[in-house]
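Enquirer: Based on what follows, work out the 3D shape:
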Amino acid sequence: MEAHTFLLYFLAILVSARILGEIAAATGVPSVIGELLAGIIIGPSLLGWVEPNDVIYILAEIGIILLLFEVGLETDPGKILGAGRKAIVVAFGGFIAPLIVGFVTAHYIFNLSSLVSLFIGGALTATSIGITVRTLTDLHRQNSVEGQITLGAAVLDDILGVVLLALLYEFSVTGEINLINTSKVLGFVLLFFMMAPVIAKLMSHGINRLDQRIDNPGLIPVTIVSLVLFFAWLAHWIGAPELLGGFAAGIALSRRFFLPYGLAIKADHKFSAKIEQQMKPIIQLFTPIFFVTVGLSLDLREVNWASPFFWWFSLTMLIVAIITKFTGALFISEPFPRRVVVGMAMVPRGEIGLIFAGLGATAGVFTKEIYTALIMVIAYTTLLSPLWLKMYYRLFHRYLPDE
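Expert: Next up, the predicted model:
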């Protein structure tokens, strides 16, 4: 591709993502849906202005890594401890049920292979903590009992999802499900999560000292992006997806993270806040590229819309995606209206679900029909779940006190 052609592609991606993201946000819809629609509109499905290529996919990969860095940066391990056993029950129930039911449904009802079925189940495990937090905040319920349980469960859900993503990545590379490789990857991931925060914390301490001595406004963004990319490479080197490195780096640099057993460097909350502030523009530049690329990779003209399989598969997976997220919530000792709220708040898949689907498409695991159907399921849960949750609060708010 010639440079001027790529520049036009890049211009179209950034401008369309921004315009449709802003329109979506202004209408109360998550901006990721607007960015996904931008890719569908300018891509092969409609206008055909932009053809996805290797350069765009690399930029999208950087966007995923930085997105998971932001998720890690905003992860609060204290919420898991604070919400306690109820958050753990909700998280594990809402993680295991979609994985198992999604796999069984895809494998035994639709006769898909074990690998494809695992990817489908994996895509259904996700919970978008960003959309959940935004919805609860809009309702002023983030500090309520159900809000704390949901946030704690969503944090743990993200961690479980990233580990599952590492396993699915290994399966997609080898093309088979191997218990020995699974054990090896789990061991490497565990080792990585033990070592990476220590290394990142030490390196960030050095960057902080350097920042105090050198008056250079570009020092923090350059060094932190370099750190994130290094951890992404390190994650790949141990056999895990690159985005795992971004997530680990984000957790380590979070102002809420500490290292136990005397290994901790005293947390500098001011420096952590500075990292968040100066990294935001970079993250906001690259992350939309990933969501637009998801839309670009869809070619809705090639989908057989008259296919009974497509609609039956989409509807079935949508039902599985919604119902299974209530599993953990139903087992906690809270009034029934509160359990319903927790289950509803865990339904949105959002960016994490799109990452799972994107990995499956990139690895060549999904056909176009299955990939498009999954995107529709993720888009539905992301778009309409917050609306259902707000409506439920309006109808049953008297049964949901703050305490």
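Enquirer: and residue 2, how many residues sit next to it?
Expert: Here the number of neighbours of residue 2 (other Cβ atoms under 10 Å) works out to 7. Every C-beta, even on glycine, is put in place using the N, C-alpha and C of the backbone.
Enquirer: The spatially most central residue of the chain: what's it in contact with?
Expert: Nearest to the geometric centre of the chain sits residue 352, at 2.2 Å (Cα atoms, centre = their mean). When contacts are counted by Cβ atoms under 8 Å, 6 or more residues apart in numbering, residue 352 is found next to 71, 126-129, 158, 161.
Enquirer: Mind doing that once more with 7 Å?
Expert: 126-128, 158, 161 (Cβ atoms under 7 Å, 6 or more residues apart in numbering).
Enquirer: And it, which helix or strand is it part of?
Expert: Here residue 352 is covered by helix 350-362, with elements defined by DSSP states H and E.
Enquirer: what's the following helix or strand after that helix?
Expert: Once helix 350-362 ends, the next helix or strand along the chain (criterion: DSSP H and E) is helix 368-396.
Enquirer: Ignoring the adjacent residues along the chain, who's closest to the residue nearest to the centre of the chain?
Expert: Of all residues beyond its chain neighbours, the one nearest residue 352 is residue 126 (3.7 Å), with distances taken as Cβ to Cβ, 6 or more residues apart in numbering.
Enquirer: What helix or strand is the residue nearest to residue 279 when sequence neighbours are not counted located in?
Expert: The shortest distance from residue 279 to any residue that is not its chain neighbour, by Cβ to Cβ, 6+ apart, is 5.9 Å, and that residue is residue 224. Of the helices and strands defined by DSSP H and E, residue 224 is found in helix 219-237.
Enquirer: quick one: residue 109 and residue 161, what's the gap?
Expert: Distance, residue 109 to residue 161, by Cβ to Cβ, to the nearest Å: 24 Å.
Enquirer: Which one's more surrounded, the two?
Expert: A direct count of neighbours by other Cβ under 10 Å for residue 109 and residue 161 places residue 161 higher, at 24 against 12.
Enquirer: Quick check: which element contains the more buried one?
Expert: Secondary structure from DSSP H and E places residue 161 in helix 145-174.
Enquirer: now that helix, how far from the centre of its chain.
Expert: Its chain's C-alpha centre and that of helix 145-174 lie 8 Å apart, by Cα atoms, centre = their mean, to the nearest Å.
Enquirer: Next: stretch 60-74.
Expert: Taking the mean C-alpha point of stretch 60-74 and that of its whole chain, the gap between them comes to 9 Å (Cα atoms, centre = their mean).
Enquirer: what comes up buried for it?
Expert: For stretch 60-74, a neighbour-count test (16 or more other Cβ atoms under 10 Å) marks 60-74 as buried.
Enquirer: Stretch 43-61 now?
Expert: Of the residues in stretch 43-61, those scored as buried under the neighbour-count criterion (16+ other Cβ under 10 Å) are 43-45, 50, 52, 56-57, 59-61.
Enquirer: Export those to CSV and append columns for secondary structure, distance to residue 246 and pLDDT.
Expert: Written out in CSV, the entries for the buried residues of stretch 43-61 read as follows (DSSP: H, G, I helix; E, B strand; the rest coil; distance: Cβ to Cβ, whole Å; pLDDT from 0 to 100):
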residue, secondary structure, distance to residue 246, pLDDT
43, coil, 25, 85
44, coil, 29, 83
45, coil, 29, 80
50, coil, 25, 84
52, coil, 22, 79
56, helix, 19, 85
57, helix, 17, 81
59, helix, 15, 87
60, helix, 13, 83
61, helix, 10, 81
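Enquirer: What is the nearest of those to residue 217?
Expert: Nearest to residue 217 out of the buried residues of stretch 43-61 is residue 59 (Cβ to Cβ; 24.3 Å).
Enquirer: what's the spacing between that closest one and residue 285?
Expert: Counting by Cβ to Cβ, the gap between residue 59 and residue 285 amounts to 10 Å.
Enquirer: and the buried residues of stretch 43-61, which two are the farthest apart?
Expert: Comparing every pair within these by Cβ to Cβ identifies 45 and 61 as the most remote, at 21.8 Å.
Enquirer: Where neighbours are concerned, which of the contacts of residue 352 has the most?
Expert: Neighbour-wise, the contacts of residue 352 (other Cβ under 10 Å) top out at residue 126, 33 neighbours.
Enquirer: Tell me which helix or strand in the protein has the weakest average pLDDT.
Expert: Averaged element by element with mean pLDDT, DSSP states H and E, the chain has its least confident helix or strand at helix 77-83 (a mean of 58).
Enquirer: Can you name the helix or strand that the closest residue to residue 13 other than its chain neighbours falls in?
Expert: If you skip the residues right next to it in sequence, residue 13 has residue 292 as its closest partner in space, 5.0 Å away by Cβ to Cβ, 6+ apart. For residue 292, the host element (DSSP H and E) is helix 269-296.
Enquirer: Mind giving me the packing neighbours of that helix?
Expert: Packing partners of helix 269-296 (3 or more Cβ pairs under 7 Å, 6 or more residues apart in numbering; DSSP states H and E): helix 3-26, helix 31-42, helix 54-74, helix 219-237, helix 350-362.
Enquirer: Measure how it sits relative to helix 54-74, angle-wise.
Expert: In this structure, helix 269-296 runs at an angle of 140 degrees to helix 54-74, with axes from the mean of the first three to the mean of the last three Cα atoms, to 10 degrees as the basis.
Enquirer: Can you tell me which helices and strands the following helix or strand past helix 269-296 packs against?
Expert: Toward the C-terminal end, the helix or strand that comes next after helix 269-296 (DSSP H and E) is helix 308-323. Based on contacts counted as 3+ Cβ pairs under 7 Å, 6+ apart, the elements that helix 308-323 packs against are helix 85-104, helix 368-396.
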